[in-house]
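1. build me a model from this:
(one chain, ligands or ions: 1)
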Amino acid sequence: MIARRFLSFHQRVFTSSLRVMSSIPPPECLFKDINIPNRQLFGPGPSTMPQVIGSTQAQPLLGHLHPEFVEIMSQVRLGLQYVFKTRNAYTLAVSGTGHAGMEAAILNLAERGETLLVAKAGIWGQRAADLGRRLGLKVEVVEVGDGQIVPLSAIEEAATRVKPAVIFVCHGESSTGIAQPLEGLSKIAHDNGGLLLVDTVASLGGAPFDMDALGVDCVYSATQKVLNAPPGLAPISFSDRAIQKIKKRKERVASFYFDALELGNYWGCDGEMRRYHHTAPISTVYALREALAIIAKKGIDTLIQQHLDTATGLYSQLGEAGLSMFVERKEDRLPCLHTVKVPEGVDWKGVQTALFQQGIEFAGGLGATTGKIFRIGTFGQNSEPEKAKEVVNKFIQVVKEQSKL
Ligand SMILES: Cc1ncc(COP(=O)(O)O)c(C=O)c1O
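-> Residues are numbered from 1 along each chain as shown. A predicted model of the protein is given here:
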């Protein structure tokens, strides 16, 4: 009896110790401090984050439905209305990066079997088309060569022919450096019974944009470009027309997480009692709130003008150094992300590596432009003229050393 008791005690200890004993040792690297170099981020994003945004982000956590956090969410909504230039009630931030904004927008605005018309001027049009096909939409693409904008007439011709439920355009095509003109597009969408969706991930705050004046039905962006905040939230806004369509859908949105009406309730857009939807990334919301405060104090139009002026200065600086812009026409260029042709005989990777060694990030191309261009982002605080000029000078020096320009 005693032996049996002893044995069963032993077995119990043995089995319970099995449960807590890991055969995988803790990784040695985690015993050392994290190593983060202080790099100036002048690529296509994320951009250099001001210290004040980092310290705001590091403030103590609150619960995601605590009154103080709910108040911060309301302030973020007001800040987003200010930067998008809209009075839309359904203006909020989706938890996730810019892709989350794209998914949320397309998922909500179009139903299976409807047509998505994509104006494709680079990789982001391609991504939207791919997403549309995954969601069971009929996708129609109007395409142009890299470095060009999609002509309004081509979009109008396609829209009249296919009667799209949604027209997608990317305002700032970060893979080529173009700024797609938006005037006249909402009329084309509405006249053909559809909605206008605009990606401003790489352009919001860095190029002129006025959601309400342009008649845009849905716009999304991201926090890590001109806003200079960490990645993790996708600001988004839906017009009343878009919300009416979403409310009248035949099928429910195929995602709970990205359902605009659920998100709108959680963010206090519908005036009803807030329901738990998900746990917002509290610290990232603090950071976004700080980023919006910086813009509110500076003024959104002053910020946009700063990007335009700095861009003009950089075109001269680069031109004087013998470098050519990838986007031929100045008026087609995105003022916050500059694409420069890689000169003959220059190894773009070598240039990038040399700049990295000086603590500066510049990027190469993306998708079809890989190997053909450099991409220089002057997002937000990086568009301060002296700062941008100094960094671009370093870039020119490195290119000169490589090519004997
Ligand atoms: C124009 C554009 N749209 C969408 C995205 C996707 O954003 P994210 O990488 O934050 O998911 C990017 C990212 O660079 C972009 O430049």
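
2. could you pick out the residues of the stretch 51-200 of the chain near the ligand for me?
-> Counting by CB under 6 Å from any ligand atom, the positions of the stretch 51-200 of the chain adjacent to the ligand are 97, 98, 99, 124, 170, 172, 174, 199. For glycine as for every other residue, the C-beta is placed from the backbone atoms N, C-alpha and C.

3. put the buried members of the residues you listed into a PyMOL selection.
-> To isolate the buried members of these in PyMOL, using 16 or more other CB atoms under 10 Å:
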select buried, resi 97+98+124+170+172+174+199
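
4. now this protein against the ligand: closest residue?
-> residue 98 (2.4 Å; CB to the nearest ligand atom).

5. show me where the stretch 101-250 of the chain has helices.
-> 123-134, 152-162, 185-191, 211-214, 240-247 (DSSP state H, counting those that start in this stretch).

6. if we can go back for a sec, next one: the residue of the chain closest to the ligand, what pLDDT does it get?
-> Looking at residue 98, its pLDDT is 98.

7. name the nearest of the residues of the stretch 51-200 of the chain next to the ligand relative to residue 241.
-> Using CB to CB, residue 199 comes nearest to residue 241 of these, at 18.6 Å.

8. now for the longest helix seen in the chain, which elements pack on it?
-> For the chain, the helix that runs over the most residues, judged by DSSP state H, is helix 300-320. Taking 3 or more CB pairs under 8 Å, 6 or more residues apart in numbering; DSSP states H and E as contact, the helices and strands that helix 300-320 lies on are strand 337-341, helix 385-403.

9. what are the buried residues along stretch 129-144?
-> 129, 131, 132, 135, 137, 138, 139, 140, 141, 142, 144.

10. out of those residues, who's nearest residue 319?
-> residue 144 (24.4 Å).

11. I'd say that closest one and residue 125 touch.
-> No: here residue 144 does not reach residue 125: they are 9.3 Å apart, not a contact under CB atoms under 8 Å.

12. mean pLDDT added to the helices of the stretch 101-250 of the chain, as CSV?
-> Output for the helices of the stretch 101-250 of the chain, formatted as CSV (pLDDT from 0 to 100):
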stretch, mean pLDDT
helix 123-134, 98
helix 152-162, 98
helix 185-191, 98
helix 211-214, 98
helix 240-247, 98
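
13. which one of those helices lies closest to residue 272?
-> Of the helices of the stretch 101-250 of the chain, nearest to residue 272 by CB to CB is helix 240-247, at 13.5 Å.

14. got the contact list for the residue of the chain closest to the ligand?
-> By CB atoms under 8 Å, 6 or more residues apart in numbering, the contact set of residue 98 is 199, 201, 220, 221, 222, 234.

15. same thing with residue 205?
-> Residue 205 touches 83, 225, 226, 227, 295, 300, 303, 304, 307, 336, 380, counting by CB under 8 Å, 6+ apart.

16. what sits closest to it if chain neighbours are left out?
-> Closest residue to residue 205 apart from its sequence neighbours, by CB to CB, 6 or more residues apart in numbering: residue 226 at 3.6 Å.

17. how much space separates that neighbour from residue 203?
-> Distance, residue 226 to residue 203, by CB to CB, to the nearest Å: 8 Å.

18. which residues do those two both contact?
-> In contact with both residue 226 and residue 203: residue 336, using CB under 8 Å, 6+ apart.

19. neighbour count winner among these two?
-> Neighbour count, other CB atoms under 10 Å: between residue 226 and residue 203, residue 226 has more, with 34 against 29.

20. ok, that one to residue 236 distance?
-> 16 Å.

21. before we move on, back to that, check the helices and strands packed on helix 300-320 for me: which has the lowest mean pLDDT.
-> Looking at the helices and strands packed on helix 300-320, the weakest mean confidence is helix 385-403, a mean of 94.

22. you'd agree residue 267 is up against residue 80?
-> No: counting by CB under 8 Å, residue 267 stays clear of residue 80, with 9.8 Å between them.

23. so what's residue 75 up against?
-> Counted by CB under 8 Å, 6+ apart, residue 75 has contacts 289, 292.

24. so it sits in a helix?
-> Yes: according to DSSP: H, G, I helix; E, B strand; the rest coil, residue 75 belongs to a helix.

25. read off the pLDDT value for residue 16.
-> 55.

26. wait, residue 52
-> Residue 52 is given a pLDDT of 98.

27. how near is it to residue 120?
-> 38 Å.

28. more neighbours, the two?
-> Set side by side, residue 52 and residue 120 show more neighbours around residue 120, with 20 against 14, by other CB under 10 Å.

29. doesn't residue 149 make contact with the more buried one?
-> No: checked against CB under 8 Å, the pair residue 120 and residue 149 is beyond contact range at 11.2 Å.

30. quick revisit: could you pull up phi and psi at the closest residue to the residue of the chain closest to the ligand other than its chain neighbours?
-> Ranked by CB to CB, 6+ apart and with sequence neighbours excluded, the top spatial neighbour of residue 98 is residue 222, at 3.5 Å. Dihedral pair for residue 222: phi -150, psi 160, per degrees, to the nearest 10.

31. go ahead and confirm residue 222 touches residue 174.
-> No: using CB under 8 Å, residue 222 is not in contact with residue 174, being 10.4 Å away.

32. so what sits against both of these two?
-> The contact sets of residue 222 and residue 174 overlap at 45, 201 (CB under 8 Å, 6+ apart).

33. next, residue 94: phi, psi?
-> Taking degrees, to the nearest 10 as the convention, residue 94 sits at phi -80, psi 140.

34. tally of neighbours for the spatially closest residue to it that is not a sequence neighbour?
-> Leaving aside its chain neighbours, residue 94 sits nearest to residue 234 (4.3 Å; criterion: CB to CB, 6+ apart). Residues lying near residue 234 (other CB under 10 Å) number 25.

35. got it, and the one 3 residues further on?
-> Applying the criterion other CB under 10 Å, we find 30 residues in the vicinity of residue 237.

36. look up how far residue 45 lies from the nearest residue to it once chain neighbours are set aside.
-> Spatially, and ignoring its direct neighbours in sequence, residue 237 is nearest to residue 91 (4.1 Å; CB to CB, 6+ apart). Residue 91 sits 22 Å away from residue 45, going by CB to CB.

37. lovely, talk soon.
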